[in-house]
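[1] fold the following.
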Amino acid sequence: MSNQKVAIITLGCSKNTVESESVAGLFLKEGFDLTNDIFKSDIIVIHTCSFIKDARLESENCIKYTGEIKEKKPYLKIFVSGCLPQLLKNQLLQKYPFIDGCVGTGNFGDIVKLIKKDVFFKNTEIAGGMNDSSKRVLSSSLPTTYIKISEGCNHKCSFCIIPKLRGKYQSRSINSIVNEAKALADCGIKEINIIAQDTTSYGLDIYGKLSLHKLMDKLSQINDLKWIRLLYAYPSRINKQLLDVISQRENICKYIDIPIQHISKHVLKNMARPVNAREIVENIKKQYPDIILRTSIIAGFPRETEEDFKELVGFVRENHFEHIGIFGYSDQKNAKSFNLKNKIKHELIETRKQIVANAQFQNVLKNNKNKIGKSFEFLIENIAGKKAYGRTYFQAPEIDNNVFVNLQSNNIKAGEFKKIIVSGIKDYDIIAQLETEKKAGWKMV
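    The predicted model follows:
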C-alpha cells in the first residue's frame, strides 16, 4: 500500500483547503506519496463543497471527470469527502457507482486509515465534527495560510445548511491553535488568516465566554507573524475587547470580514440573522475608523421587497465596506428558506446583484483614489515580466482585489514583503511602485 500516489482535489472555501492540507500530512506520515497530477495518481480524493447549488454542480462535475479517468485506469481508486457526501451520501453512491468510498466532514481524517487497511467504505458512517489540523502539508509556496479555530455552527440562518453539514460549534483550545501558529511561523509563514464557520463565537463552548480576543492577543505575541487577519466574524458577537485587540496590536491587520447578508430588518428577520446589523457596522466605523471592513450580501432573498432592496443599496452607498462579496439567493432543499413563499425570479435577482455591484464599484474607485500617494507594505504573490502582483494588509487572499506593481528591476521574488507607493488605479485594482524604485520627478497618475 505504501508509495501509492495520492492526488487531493480541493473544492470550495479556505476551510476545505486547511482540511485537505491536514489529510495530506496524514497520507505522507503513512507512507503514501502526494502528486498534483491526477493522471499519475493511484488514488484520488475529492474534497467537496455543497453550500450552494453551484458548489454542488462543481463537485459533481469533478466526480464525473475522475470517473472518466477511471474507465481507462480501472485500478484507480476514487474517494469523495466533505460536505457533499455529508449531505447526499446515498444518492451520491447510487448516481456514481464507481466511487470507492465516502467520508463526511467530521471523519475526513479517517480516510487514510481506511485506505491503508484496504477497507473501502461505502457503508462507513458519515459523521460531522472536528478534524485535526496540527500536521499539515502547505499547498502554497507563499508565506501565507489559514488557521481554522473551530468546527460547526450553532446559528440557525434560514438560508444555510452548515449546521447540518458540520454539526454543532466546537472550539479548538487556545494552546492547540497557538502551537499550530508557532509551527507555521517556524516554517516561514508570515501571514495567517483566522477562519471558521463563525470565528466570533470562539471559546463560548469550552471556556464559557467569548474568547476570540484572548486568542488573537496570544497569536499577536508570535513575533515572526507579520499579518494576522480575521475572517467570518458573526456580527452580533463582535465585542469591544476584540476590537481593542485588533486596533492595538501591530501585527493584527486592521481588517474584519463581517458577513451581514442584508441590512433590511424585514429581510434579516426572514434570514434569522441579527436585525441590528446597521447599528453594529456604524458603531465599528465610528469608534474604530481605521479598521477596514469586508462583508457578504445576499440579493433577492425570498420576500425581499423593492423597499428592502432600496434600503440595501442605500446602505452600500454609505461606503462602510472596502470589499463586498455579492451573491444571488440560491434555493436549497434542506434550508428553512426553501419553504418561504414569494420567491424572487432569477432574472430579477441577477439585476439586483448588478445594481449592488455598481454601487460598490463607485465606493471602490473613491477608496482607491484616496490611497494614491500613500505607502503600504506589500506581499508579492506573483511576478510576470515587469509586473508584480500581490496584496496589502487591507486585502485578504483569494477574495479581494489586487495591487499591481510596475518594476524597474528584477531584484525581488514572490513571497517577499516590500514597501510600495500607490500611483494609480485600474478598475478594482491598485497600481503602485516600489518605494525603493521611486525616481526623482516621478508623478502620481
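[2] longest helix of the chain?
    Counting by DSSP state H, the longest helix found in the chain is helix 346-369.
[3] for that helix, list the C-alpha coordinates in CSV.
    These are the backbone C-alpha positions of helix 346-369, laid out as CSV (Å, rounded to 0.1, in the frame of the first residue of the first chain):
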residue,chain,number,x,y,z
HIS,A,346,-33.8,34.6,-11.2
GLU,A,347,-33.7,37.5,-13.7
LEU,A,348,-34.6,40.0,-11.0
ILE,A,349,-32.0,38.5,-8.6
GLU,A,350,-29.3,39.0,-11.3
THR,A,351,-30.5,42.6,-11.9
ARG,A,352,-30.3,43.4,-8.2
LYS,A,353,-26.9,41.8,-7.8
GLN,A,354,-25.6,44.1,-10.6
ILE,A,355,-27.2,47.2,-9.0
VAL,A,356,-25.4,46.4,-5.7
ALA,A,357,-22.1,45.7,-7.6
ASN,A,358,-22.4,49.1,-9.4
ALA,A,359,-23.0,50.9,-6.2
GLN,A,360,-20.0,49.2,-4.5
PHE,A,361,-17.8,49.9,-7.6
GLN,A,362,-18.2,53.6,-7.1
ASN,A,363,-17.0,53.1,-3.5
VAL,A,364,-14.0,51.2,-4.6
LEU,A,365,-13.0,53.9,-7.1
LYS,A,366,-13.3,56.5,-4.3
ASN,A,367,-11.4,54.5,-1.7
ASN,A,368,-8.6,53.5,-4.1
LYS,A,369,-8.2,57.1,-5.3
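[4] same for that helix, what does it pack against?
    strand 292-299, helix 306-317, strand 323-328, strand 417-426 (3 or more CB pairs under 8 Å, 6 or more residues apart in numbering; DSSP states H and E). Heads up, the C-betas are built off the backbone N, CA and C, glycines and all.
[5] who wins for proximity to Gly31 among these?
    Comparison of those against Gly31 by CB to CB identifies strand 417-426 as nearest, at 37.2 Å.
[6] partners of the closest one, with directions?
    According to DSSP bridges, strand 417-426 forms sheet pairs with strand 375-384 (antiparallel), strand 429-434 (antiparallel).
[7] which parts of that strand are buried?
    Judged by neighbour count using 16 or more other CB atoms under 10 Å, the buried positions of strand 417-426 are Lys418, Ile420, Ile421, Val422, Ser423, Gly424, Ile425.
[8] one step back: what does the longest helix of the chain contact?
    Residues outside helix 346-369 that contact it (CB atoms under 8 Å, 6 or more residues apart in numbering) are 297, 299-300, 304, 309, 312-313, 316-317, 319, 321-322, 324, 326-329, 344, 401, 422, 425, 428, 430.
[9] what subset of these is buried?
    Taking 16+ other CB under 10 Å as the criterion, what is buried in those is 297, 299-300, 304, 309, 312-313, 316, 321-322, 324, 326-329, 344, 401, 422, 425, 430.
[10] count the neighbours of Phe404 for me.
    When neighbours are counted by other CB atoms under 10 Å, Phe404 registers 17.
[11] with the one 10 residues further on instead?
    Using other CB under 10 Å, Ala414 has 15 other residues around it.
[12] residues of the strand or helix carrying Asp217 that come out buried?
    Using DSSP states H and E, Asp217 maps to helix 212-220. Within helix 212-220, the residues scored as buried using 16+ other CB under 10 Å are Leu212, His213, Lys214, Leu215, Met216, Asp217, Leu219, Ser220.
[13] mind listing what Arg273 touches?
    Arg273 neighbours (CB under 8 Å, 6+ apart): Cys157, Pro235, Ile260, Gln261, His262.
[14] format those as TSV; extra columns: pLDDT, neighbour count and distance to Glu350.
    Output for these, formatted as TSV (pLDDT from 0 to 100; neighbours: other CB atoms under 10 Å; distance: CB to CB, whole Å):
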residue	pLDDT	neighbour count	distance to Glu350
Cys157	92	19	22
Pro235	94	21	26
Ile260	96	24	21
Gln261	95	23	18
His262	97	25	17
